[in-house]
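Chemist: Turn this into a structure:
(chains A and B, ligands or ions: 1)
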Amino acid sequence: MGSAQQLHLGVALDGAGQHPAAWRVSGIRPAALFTAAHYLAHARLAEAASLDFVTLDDTLALQPGGEEVVRGRLDALLTFAALAPVTSGIGLVPTVTTTHTEPFHLSTAVASLDFASRGRAGVLAVPSRTEAEVAHFGRRTLPSEVDAEAENAEVVDVIARLWDSWEDGAIIRDEPTGRFIDREKLHYVDFEGRFFSVKGPSITPRPPQGHPVVAVYGDSPYAQGAEVVLIDEIRDARVRFPGAKLLAGLSVVLAETEQAAIDRRHALEAYAPFPTGGLSFTGTPADLAAELPRLAAASGLDGFHIRPAVLPDDLELFTAETVPALQAAGVFRQAYTGTTLRDHLGLGVAANQYAEA
Amino acid sequence: MPKQVKLAAHFPGVNNTTVWSDPRSGSQIDFSSFEHLARTAERGKFDFLFLAEGLRLREHAGEILDSDVVGRPNTTTVLAALSAVTTRLGLAGTLSSTFNEPYEVARQVASIDHLSGGRAAWNVVTSPDAWTGQNFRRGGFLKREDRYQRAEEFLATVRELWDSWAPDAVVGDKENGVFARGIDRFVHKGQQFDIRGEFTVPRTPQGQPIVIQAGDSDEGREFAAKTADVIFSRHGSLESGKEFFADIKRRLPVHGREPGELLIMPAATFVLGDTEEEAHEYAREIRYQQVRPATAIQFLEQVWSRDLSAYDADGPLPEIDPDPDAEPLTWGRVRHEKDQLAVAAKWRAIAEEKKLSIRELVIEVTARQQFVGTARQVADSVDEYVQSDAADGFVLVPHLTPGGLDVFVDEVVPHLQERGVFRTDYTGDTLREHLFSR
Ligand SMILES: Cc1cc2nc3c(=O)[nH]c(=O)nc-3n(C[C@H](O)[C@H](O)[C@H](O)COP(=O)(O)O)c2cc1C
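Modeler: Sure thing, here's the model as predicted:
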């Protein structure tokens, strides 16, 4: 991590922005939140700036709150699947719920997102902790927080095993022997965990990245194995997660002058307070560009998960002004240098746990 | 106006219909293959593209089957991605009611309906075997007789969820700060599900996405008659098609439905040639590529439940009878034969009468409805089947991935259009409009 450390940047595309009243001040038509075009427009802004990835939150329940907040959403993974064939550089990292969804379905869905995006898929694996979700399934009681996190870790483990259950090159199409696959290169995962078991192999061959990028939130006690950790609490983060790419959540309110940014923030706060958790920045795009490398160096961060207060406004300013300033300072890429999300994040090739060394 | 033909394109993935050894055969996995087929189907003004599903790799005699195409991507993910590269084509996916939960399926299909602007369809299948359950939290799960009970309640629950948001619930009143209003709570308490809460997806462009059913038993037929929009059947021949068609349409009034409310679309393959002889020659070649010696023996073993690997596929049928008490040798293939001894006796009779080897017999008995001939002849037959109520249309299964449909779209569709039995352009935006508006 020298002075010209390269930053990694992801952007949250939730609702009409991070602030609960964003939808009231944004130029976005509220019903557009239920169309693919809305997400595509924002993903393209992020892609034009060569950002690493976009994220989209999800749960299997309605957002809490009343009439005055955005309620309802489409399945995040499917929404990003609809962006995959019509984007070319941006990483796509939807949230999935690991407590209720079958790990087998999750594994094939993320692998398929990787195929559709030609190697740009990731997944933010999040356990469920609400009674509402339990009631939507009616199959189990609410797991304790510790159990939900442990199960999340099992799911992360098993989805990677399923990705590996087909070795690269398993499809041989060998005409002389009449074999379509080499079954020596397919593996039962025979996973027996505390919470479930899965036989395998996957129905889907190993995806282009081998392992699509798995991200988790850093408040999880089981975040250790993940390759990307999104953190809100940056103190001691590097000590807590020595091996992971660490990106700090940062909500941003931007404007051409500092005063204008403060005014925008106050205007939003007149509707509702900002959500707690994570860092926040209110100011000019240029000041933000100066701040990011400093903050990263001081806290041992690899980058930031930018949460624009209002879409598209804060994302537009971020990509149009902050990113070029970061590029000029030599701390952010000028253009994509690779084609996959693993390339963007510098994660290297994913080893296959079943392949003979 | 003559009855209009409905057409769907089946992605020829996992099965032995795909001739993978053909040099023109591409990937069954890469998204570009799905995109190619979808664009071709849309160019041909098809009603929808269809994806099947299997949730465990097929096995034979304790090993993963390696002679046919193996491996496929996740159904809903592919459909959502296809919504981005098509504008009118319906997008139909098979999702098991046994290995999913209503809240998730309702949400996935509704999401695809939004993302595609009203083009989603769900093919409700009950999944043929509990062996698949080993890949899921619940394990084996559900006896055969309980599966339709679950399927029926599953679908009813999904429909309740789809209906739970008022059509105008997303108000988006920025001035007064009302984002959404009128999200009803759902409560479902039945034998299979006891669930309640709020759905996360607003009412979709189609309101109710299209529901397809594929299952042939009496329970399956009743289920479809009661509630499906389309049946994907395997009764493709003129005779069995007419019988099936009449049987299904007869069941509708009991459920207060009109014959036109449920469309019957059998699977069918096609082979085109410049002359009729050429087409038949090519069709014969394709069948031999689909049913290789190993595949023929495996098919026989599936019915016999015995190791028949010592037999020559080019020789006569085994003298020994099936072992109806043995565990099945094949897993993951839908079995339509229930009485193995009777099937074997029937096959023996056919083989004797026509002097067929094992391979020739399997080619004969596993044949599906095939339209073979010149483009004009194929168009004539398709039209004849539809006009004589053997079907409302067909789900076409090309034998090449992904380019196998091109020739049908380029050569057969124009003939159907000329006859005035197939649209020359889409007249609606949603799949429901394609299927049901006149
Ligand atoms: C034409 C047809 C297509 C089917 N496609 C699938 C499929 O893609 N995936 C699946 O799990 N089952 C599929 N099935 C199986 C059915 O869902 C059902 O489990 C099976 O037919 C047994 O039910 P039945 O006794 O009513 O026929 C299909 C059945 C038919 C007749």
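Chemist: ok, residue 167 - contacts?
Modeler: Just so you know, I chose chain A. A:185-187, A:206, A:352, A:354-355 (CB atoms under 8 Å, 6 or more residues apart in numbering or on different chains). C-betas here are computed from N, CA, C, even on glycine.
Chemist: Correction: the question concerned chain B.
Modeler: So B:Pro167 contacts B:203, B:207 (CB under 8 Å, 6+ apart).
Chemist: Now it. Its backbone dihedrals?
Modeler: phi -60, psi -30 (degrees, to the nearest 10).
Chemist: measure it to the ligand for me?
Modeler: 32 Å (CB to the nearest ligand atom, to the nearest Å).
Chemist: With B:Thr366 instead?
Modeler: With CB to the nearest ligand atom as the criterion, B:Thr366 and the ligand are 14 Å apart.
Chemist: Verify the contact between that residue and B:Thr295 for me.
Modeler: No. Using CB atoms under 8 Å, B:Thr366 makes no contact with B:Thr295, being 9.2 Å away.
Chemist: Give me the more crowded residue out of those two.
Modeler: The residue with more neighbours, out of B:Thr366 and B:Thr295, is B:Thr295; 22 against 15, by other CB atoms under 10 Å in any protein chain shown.
Chemist: where's the more buried one, which helix or strand?
Modeler: helix B:293-304 (DSSP states H and E).
Chemist: Might you report the residue contacts of the residue nearest to B:Arg58 when sequence neighbours are not counted?
Modeler: The shortest distance from B:Arg58 to any non-neighbouring residue, by CB to CB, 6 or more residues apart in numbering or on different chains, is to B:Gly332 (3.5 Å). Contacts for B:Gly332 were tallied using CB under 8 Å, 6+ apart; they are B:54, B:56-59, B:65, B:129, B:131-132.
Chemist: Just read off the phi/psi values of B:Gly332.
Modeler: Dihedral angles (degrees, to the nearest 10) for B:Gly332: phi 100, psi 0.
Chemist: what about the nearest residue to B:Gly117 once chain neighbours are set aside, how many neighbours?
Modeler: Spatially, and ignoring its direct neighbours in sequence, B:Gly117 is nearest to B:Pro205 (5.6 Å; CB to CB, 6+ apart). Close neighbours of B:Pro205, defined as other CB under 10 Å, add up to 20.
Chemist: My guess is B:Pro205 contacts B:Leu115. True?
Modeler: No. Using CB under 8 Å, B:Pro205 is not in contact with B:Leu115; the gap is 9.9 Å.
Chemist: follow-up on the earlier one: contacts for whatever helix or strand comes next after the helix holding B:Thr295, please.
Modeler: Downstream of helix B:293-304, the first helix or strand assigned by DSSP H and E is strand B:330-331. Residues outside strand B:330-331 that contact it (CB under 8 Å, 6+ apart): B:56, B:58-61, B:129, B:131, B:298, B:301-302.
Chemist: so what does the helix holding B:Thr295 touch, helix or strand wise?
Modeler: On a contact count with 3 or more CB pairs under 8 Å, 6 or more residues apart in numbering or on different chains; DSSP states H and E, helix B:293-304 meets strand B:59-60, strand B:330-331, helix B:340-354, helix B:358-365.
Chemist: how about low-confidence regions in the chain?
Modeler: Here I'm looking at chain A. Low-confidence segments of chain A (pLDDT under 70): A:1-4, A:357.
Chemist: other chain: chain B
Modeler: B:128, B:334-337, B:438.
Chemist: Closest residue of chain B to chain A?
Modeler: Residue nearest to chain A within chain B (CB to the nearest CB): B:Gly172, separated by 3.0 Å.
Chemist: counting residues per helix, which one in chain A is longest?
Modeler: helix A:145-164 (DSSP state H).
Chemist: State the pair within the contacts of strand B:330-331 that is farthest apart.
Modeler: The span of the contacts of strand B:330-331, defined through CB to CB, is set by B:Arg56 and B:Glu301 at 18.7 Å.
Chemist: what about B:Phe179, helix or strand, and which?
Modeler: Per DSSP H and E: strand B:178-180 holds B:Phe179.
Chemist: Next, see if that strand gets close to chain A.
Modeler: Yes. Using CB under 8 Å from any CB of the partner chain, strand B:178-180 reaches chain A at B:178-180.
Chemist: which residues in the chain form helices?
Modeler: I went with chain A, as the question did not name one. Using DSSP H, helices in chain A cover A:22-25, A:36-48, A:76-81, A:103-116, A:131-137, A:145-164, A:237-240, A:258-269, A:285-299, A:313-317, A:323-328, A:341-345.
Chemist: um, chain B though
Modeler: B:31-43, B:75-83, B:102-115, B:144-162, B:218-227, B:238-251, B:276-290, B:293-304, B:340-354, B:358-365, B:375-387, B:406-407, B:413-418, B:431-436.
Chemist: Can you say which of those helices is packed in most?
Modeler: A comparison of the helices of chain B by mean neighbour count, using mean count of other CB atoms under 10 Å in any protein chain shown, puts helix B:75-83 on top with a mean of 30.
Chemist: does any bit of it sit next to the ligand?
Modeler: No. Remark: helix B:75-83 sits outside contact range of the ligand, by CB under 6 Å from any ligand atom, the gap being at least 9.0 Å.
Chemist: And for stretch A:201-208?
Modeler: No. Stretch A:201-208 is not in contact with the ligand by CB under 6 Å from any ligand atom; minimum separation 11.3 Å.
Chemist: what sits against residue 9?
Modeler: Went with chain A since none was named. A:51-52, A:247, A:303-304, A:306, A:323, A:332.
Chemist: Correction: the question concerned chain B.
Modeler: B:37-38, B:40-41, B:44, B:46, B:48-50, B:395-396, B:398, B:405.
Chemist: could you redo the last one with a cut-off of 7 Å?
Modeler: By CB atoms under 7 Å, 6 or more residues apart in numbering or on different chains, the contact set of B:Ala9 is B:37, B:41, B:46, B:49-50, B:396, B:405.
Chemist: Please narrow those residues to those residing in strands.
Modeler: B:49-50, B:396 (DSSP state E).
Chemist: Turn these into TSV, columns for distance to B:Ile264.
Modeler: As requested, the ones in strands among the contacts of B:Ala9 are arranged in TSV below (distance: CB to CB, whole Å):
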residue	distance to B:Ile264
B:Leu49	18
B:Phe50	14
B:Leu396	15
